[in-house]
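**Q** need the 3D shape of this:
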Amino acid sequence: MSDETADETKDVPEDGRNGEAHGVRRKTVAIIVAVVVVALAGIGGGYAYWTHHEGNAYHEAVAQAENADKALSKAVDEATATTYKADQLKEPKLLDKLDAAISKAKALKGIPEDRPGEWLAWRLASARKVNATDADEADAQAKALNAALKAVRDSKLAKELDTAKDQLKQGIDGAGQTLRDTDGKVADNATRDSLAKAIDEANNTLSKKGVTDPKTYTDAKAKLDAAVRQVTDSKAAKEQADAEAAAQAQAQAAAAQAQAAQAAAQPQRSYSQSYNRYGGSGSGYSSNRGYSANRGYTAPQQSYTPSTNTNNGGSHRTFDFSNSGGHGDPNAPGDPYAPIVH
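**A** Numbering: from 1, shown residues only. This is a model prediction of the structure:
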């Protein structure tokens, strides 16, 4: 028997059992390989699912953080848009709390700028947590900042309400005093009636509950002030009218007094003394005859002219009365009643 024949006979099982065992081993290996493949496929699918889930959660956290940061930034802008002073607040210490809230809000870092890889599930999970934390901090700080700002605004409003209310009280007191002081001293008493009505309305406003707008008090104060001005203007008008009437009466009295004094200084007849050259005196008056009569007598001028009367052969003298007819007026005609002596 040759060697080849011997080798061939070795591979042939004697009773067929060896061939069956060989087939079983081959099936077992195939099953194991299949299980490994399935296991590996399952692991890969699970990882893919994990990365997909973490990726979605990360992007959602980023969006929430961005929105929260925008809201916080808006709150900071609103809080810093108006400058508040301590004397404007009913509780000045609230201004310190607002400043602290603004500083803390500005100090927040915000969301990170780097982005993790889409297939690095563990980095996606870490980044998601960072963004979620940022969103929570921004939301919390925005709420704290808005609360601090509201507290400051409410305190400012409370101070304004108190101030407006106090001013209205003072206005009512002053208006009441004006009403009392102007009784019978105004030109139009209807202005005092309007003031009394405005005082009643102001008192009703003052007693209202739950007033939240200072304008409620300031409007009532403005209306009250207008009514007070009408009364004071009416009072001033009466004072001016009284002063003008008094001045006019004084002027009329002065004029009457001056007229009386002038009348007393002028007699009913004008009388004057005149003296002639002989020492006589007389009262002169103007008559309707057109000539002046005087009790003083002026002697006629005499002129003596010797002459020879051819008729009687004697001499005669002639008196010249040329000046007697006009009583001293050389241009007057001679007195027809003057005697002529020859």
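**Q** all strands of the stretch 1-150 of the chain, in order?
**A** Counting by DSSP state E, counting those that start in this stretch, the stretch 1-150 of the chain has no strands at all.
**Q** could you list the low-pLDDT ranges of it?
**A** Residue ranges of the stretch 1-150 of the chain with pLDDT under 70: 1-50, 52-53, 112-120, 122.
**Q** now do the helices in it.
**A** Applying DSSP state H, counting those that start in this stretch to the stretch 1-150 of the chain gives helices spanning 3-11, 17-81, 94-107, 121-181.
**Q** contacting residues for residue 163?
**A** Taking C-beta atoms under 8 Å, 6 or more residues apart in numbering, we find residue 163 in contact with residue 214. Using the backbone N, CA and C atoms, a C-beta is placed for each residue, glycine as well.
**Q** kindly recompute the last result at 10 Å.
**A** Neighbouring residues of residue 163 by C-beta atoms under 10 Å, 6 or more residues apart in numbering: 88, 90, 214, 217-218.
**Q** in ChimeraX, how would I select just the buried ones from those?
**A** One line in ChimeraX is enough to select the buried ones among the contacts of residue 163; burial here means 16 or more other C-beta atoms under 10 Å:
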select :214,217,218
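**Q** can I get the contacts of residue 163 in CSV with distance to residue 156?
**A** Formatted as CSV, the contacts of residue 163 follow (distance: C-beta to C-beta, whole Å):
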residue, distance to residue 156
88, 5
90, 8
214, 10
217, 16
218, 15
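**Q** residue 51: which of the contacts of residue 163 is nearest?
**A** Nearest to residue 51 among the contacts of residue 163, counting by C-beta to C-beta, is residue 88 at 56.4 Å.
**Q** okay, now the residue nearest to the closest one when sequence neighbours are not counted: neighbour count?
**A** With sequence-adjacent residues excluded and distances taken as C-beta to C-beta, 6 or more residues apart in numbering, residue 88 is closest to residue 156, at 5.2 Å. Other residues lying near residue 156 total 19 when counted by other C-beta atoms under 10 Å.
**Q** now do the contacts for residue 156.
**A** 82, 84-85, 88-91, 94-95.
**Q** distance check, it against residue 126.
**A** As for residue 156, its distance to residue 126 is 45 Å (criterion: C-beta to C-beta, to the nearest Å).
**Q** would you map the helices across the stretch 151-300 of the chain?
**A** 190-206, 215-265.
**Q** the last one - contacts with which helices or strands?
**A** Counting contacts by 3 or more C-beta pairs under 10 Å, 6 or more residues apart in numbering; DSSP states H and E, helix 215-265 packs against helix 121-181, helix 190-206.
**Q** still on that earlier bit, which of the contacts of residue 156 are buried?
**A** Counted by 16+ other C-beta under 10 Å, these give 84, 89, 94-95 as buried.
**Q** looking at these, which one is closest to residue 133?
**A** Checking those against residue 133 with C-beta to C-beta, the nearest one is residue 94 at 29.3 Å.
**Q** quick check, that closest one in contact with residue 159.
**A** No. Using C-beta atoms under 10 Å, residue 94 is not in contact with residue 159, being 11.0 Å away.
**Q** can I get the buried ones among the contacts of residue 156 in TSV including distance to residue 237?
**A** Shown next, in TSV, are the buried ones among the contacts of residue 156 (distance: C-beta to C-beta, whole Å):
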residue	distance to residue 237
84	47
89	45
94	51
95	50
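**Q** neighbours of residue 72, how many?
**A** Using other C-beta under 10 Å, residue 72 has 25 other residues around it.
**Q** contacting residues around it?
**A** Counted by C-beta under 10 Å, 6+ apart, residue 72 has contacts 105-106, 108, 110, 134-135, 137-143, 145-146.
**Q** distance of it relative to residue 142?
**A** From residue 72 to residue 142 the distance is 4 Å (C-beta to C-beta).
**Q** okay, and the common contacts of the two?
**A** 105, 108.
**Q** shaky segments in the stretch 201-342 of the chain?
**A** The model of the stretch 201-342 of the chain has pLDDT under 70 over residues 267-342.
**Q** if we use 80, what do you get?
**A** Within the stretch 201-342 of the chain, the stretches with pLDDT under 80 are 266-342.
**Q** about what we covered before: ok, which of the helices and strands packed on helix 215-265 comes nearest residue 227?
**A** Among the helices and strands packed on helix 215-265, if distance is taken as C-beta to C-beta, the winner is helix 190-206, at 3.9 Å.
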